[in-house]
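K.L.:
Need a 3D model of the sequence below.
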Amino acid sequence: MSTNNETIAARAEAVIPGGLLSPSRRLGAPIAFARAEGAYLYDADGNRYTDYHCAFGANVLGHRPPAVAAAIAETAENLDLIGAGVLELEVEVAELLVNAIPCAEQVAFCSSGSEATYHALRLARAHTGRKQIIKFQGGYHGWHDYVAMNGQSSRQMIGSYDPMSDGMLFDAARHTAILPYNDAGAVEDYIRKNPGEVAAIIVEPIAHNMGAVIAEKQFLADLRRITSEHGVVLIFDEVITGFRHALGGYQSIVGVTPDLATFGKAATSGYPIGILAGRREIMERVGRTGEGAVFMGGTFNGTPASMAAVKATIGELARPGVYERLFELGAYLRGEIDGIIARHGLKAQAAGFGSVWLVYFFDGAFRDYTDLLRNDNDLDMRFRRALIAGRQVFQPLQLKRLYLSLSHDRAVLDDTLELIDTTMAGLARSVAA
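P.N.:
Numbering: from 1, shown residues only. This is a model prediction of the structure:
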């Protein structure tokens, strides 16, 4: 007899390509979620799961935070989608963001992080009159042809064009150079060899799309110097780091201010949003018409529900002690995992920053994507599948980061740590056999 999960999954296969809205949502078993609350998800058969996926990191407050739900409901009593003129709510949210984000003299809204990075690159090209951009091996900046390449590349594909999708235009991708993360020398050499060609550098200040490879402060400072010297626009992709690690983004922590920055995910606690922030002289091109103008249209840009969610989320994250608690939870979990790993003698390590965490299945330092090629992908996948079977939710893909939210507490983490201990013991026995 089929379960509700299996029945819904079978129906999905018939009407949704692959049965899911994205291959990255596949959990390895048919699970149809019916309810979410706090740190937990509930499936169509009533089973409870602890959520460490947090909607790709969007749910920094946990699922269905009351303050955000109340703000959206209150806004809906007076406003729905307008699409003309300006709303005071848009202005209020923009003012909050300009006050919080170091690089933000002006902000513009769209509906996703991928849209925000697309607009940032278009804006940089318009501002500089150049075509070339630089991204880094292992980084992910959205689905568009200019950057959807060289993510989790095989060793053989590093240094070559490695598209993430069929159907991509090489004519667009050929204007993107892929360089090693944390290597400012390679960046400076490339720009000097291609004078007047590079419009922008786009970088994750913490490369969470490789798990948690943290940019060295000197690397980011050097990028700032190099871009300023050569008239290149420096873009921080803070779609993951923004609002999750600090209201002002990671730039407010590291003390390096880009020209433009993109945000999304955690800004709304789970509602659609993309934010482009930056220097006035660059951003004001979006508000022009005629020569030099940059078009940034979108029917759902600044939709009232999302604006209400941003305002309420900022209000919750601005409460005293919020980020301290997120960082304390992350440090506790990673410390306990490292103790478990040491006890079982595995070559592995807990990694992360703040409320982002994962386990790398290798030991020793790491600073760029090639270091991660030492990861034992087989152990990584066995670890992830075992925890998913134990009703912990996160992506069953090696090197993918996991998240905590304010709804997680030590009791929740301790339950998961028991399962991690059992799982690591089994992995250690298999390695020793």
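K.L.:
okay, how far is it across stretch 344-354, tip to tip?
P.N.:
In terms of CA to CA, to the nearest Å, the two terminal residues of stretch 344-354 are separated by 25 Å.
K.L.:
what's the spacing between residue 224 and residue 61?
P.N.:
Taking CB to CB, to the nearest Å as the measure, residue 224 falls 32 Å from residue 61. For glycine as for every other residue, the C-beta is placed from the backbone atoms N, C-alpha and C.
K.L.:
Between the two, which is the more surrounded one?
P.N.:
residue 61 (24 against 17; other CB atoms under 10 Å).
K.L.:
my guess is that one contacts residue 315, does it?
P.N.:
No: Residue 61 sits out of contact with residue 315 when judged by CB atoms under 8 Å, with a separation of 10.6 Å.
K.L.:
pLDDT of stretch 22-30, averaged?
P.N.:
Here stretch 22-30 scores 78 as its mean pLDDT.
K.L.:
Just the buried positions in it, please.
P.N.:
By 16 or more other CB atoms under 10 Å, the buried positions in stretch 22-30 come out as 27, 30.
K.L.:
Pull the residues that contact it.
P.N.:
For stretch 22-30, the external contacting residues (CB atoms under 8 Å, 6 or more residues apart in numbering) are 3, 5-6, 8-10, 20, 385, 388-389, 393, 395-397.
K.L.:
List only those of those flagged as buried.
P.N.:
Buried members of the contacts of stretch 22-30, counted by 16+ other CB under 10 Å: 5-6, 8-9, 388, 393, 395-396.
K.L.:
In strands, which of these appear?
P.N.:
Using DSSP state E, the members of those that fall in strands are residue 393.
K.L.:
now could you export just the CA positions of the helix or strand harbouring residue 99 as PDB?
P.N.:
Residue 99 is part of helix 88-100 when elements are defined by DSSP states H and E. Output in PDB follows, covering the C-alpha atoms of helix 88-100 (Å, rounded to 0.1, in the frame of the first residue of the first chain):
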ATOM      1  CA  GLU A  88       6.000  54.200   1.400                       C
ATOM      2  CA  LEU A  89       6.800  50.600   2.500                       C
ATOM      3  CA  GLU A  90       9.400  50.300  -0.300                       C
ATOM      4  CA  VAL A  91      11.000  53.500   0.900                       C
ATOM      5  CA  GLU A  92      11.000  52.400   4.500                       C
ATOM      6  CA  VAL A  93      12.700  49.100   3.600                       C
ATOM      7  CA  ALA A  94      15.200  50.900   1.400                       C
ATOM      8  CA  GLU A  95      16.100  53.300   4.200                       C
ATOM      9  CA  LEU A  96      16.600  50.400   6.600                       C
ATOM     10  CA  LEU A  97      18.900  48.700   4.100                       C
ATOM     11  CA  VAL A  98      20.900  51.800   3.300                       C
ATOM     12  CA  ASN A  99      21.500  52.300   7.100                       C
ATOM     13  CA  ALA A 100      22.600  48.700   7.600                       C
END
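K.L.:
Give the other helices and strands that that helix contacts.
P.N.:
The helices and strands touching helix 88-100, judged by 3 or more CB pairs under 8 Å, 6 or more residues apart in numbering; DSSP states H and E, are strand 106-110, strand 274-278, helix 304-317.
K.L.:
out of those, which comes closest to residue 250?
P.N.:
With CB to CB as the criterion, residue 250 lies closest to strand 274-278 of those, at 13.2 Å.
K.L.:
just checking, what packs against the closest one?
P.N.:
Taking 3+ CB pairs under 8 Å, 6+ apart as the contact cut, strand 274-278 packs with helix 88-100, strand 106-110, helix 113-128, strand 260-264.
K.L.:
Just give the nearest non-adjacent residue to residue 423, would you?
P.N.:
Computed as CB to CB, 6 or more residues apart in numbering, the closest residue to residue 423 that is not its neighbour in sequence is residue 386, at 4.4 Å.
K.L.:
Confirm the one you found sits in a strand?
P.N.:
No: counting by DSSP: H, G, I helix; E, B strand; the rest coil, residue 386 falls outside a strand, being helix.
K.L.:
Count the residues that sit near it.
P.N.:
17.
K.L.:
Do I have it right that it meets residue 421?
P.N.:
No: using CB under 8 Å as the test, residue 386 is too far from residue 421 to be in contact (11.5 Å).
K.L.:
How about the contacts made by residue 346?
P.N.:
Residues in contact with residue 346 (CB under 8 Å, 6+ apart) are 361, 379, 424, 427-428, 431.
K.L.:
Please enumerate residues in contact with the helix or strand encompassing residue 222?
P.N.:
Element membership of residue 222 [criterion: DSSP H and E] is helix 217-230. Among residues not part of helix 217-230, those counted as contacts by CB under 8 Å, 6+ apart are 181-184, 187-188, 191, 195, 198, 201, 203, 205, 232-234, 254-259.
K.L.:
Among the residues you listed, name the ones in helices.
P.N.:
The members of the contacts of helix 217-230 that map onto helices under DSSP state H are 184, 187-188, 191, 254.
K.L.:
Any chance of these in JSON lines with neighbour count and distance to residue 50 as columns?
P.N.:
Written out in JSON lines, the entries for those read as follows (neighbours: other CB atoms under 10 Å; distance: CB to CB, whole Å):
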{"residue": "184", "neighbour count": "18", "distance to residue 50": "40"}
{"residue": "187", "neighbour count": "24", "distance to residue 50": "41"}
{"residue": "188", "neighbour count": "16", "distance to residue 50": "45"}
{"residue": "191", "neighbour count": "22", "distance to residue 50": "46"}
{"residue": "254", "neighbour count": "20", "distance to residue 50": "31"}
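K.L.:
Most widely separated two among these?
P.N.:
191 and 254 (21.6 Å).
K.L.:
how's this protein carved up into domains?
P.N.:
Per automatic domain parsing, the domain ranges recorded for the chain read 4-64+320-432, 66-317.
K.L.:
Now do the shortest one: distance to the chain's middle.
P.N.:
In terms of CA atoms, centre = their mean, to the nearest Å, the gap separating the centre of domain 4-64+320-432 from the centre of its chain is 15 Å.
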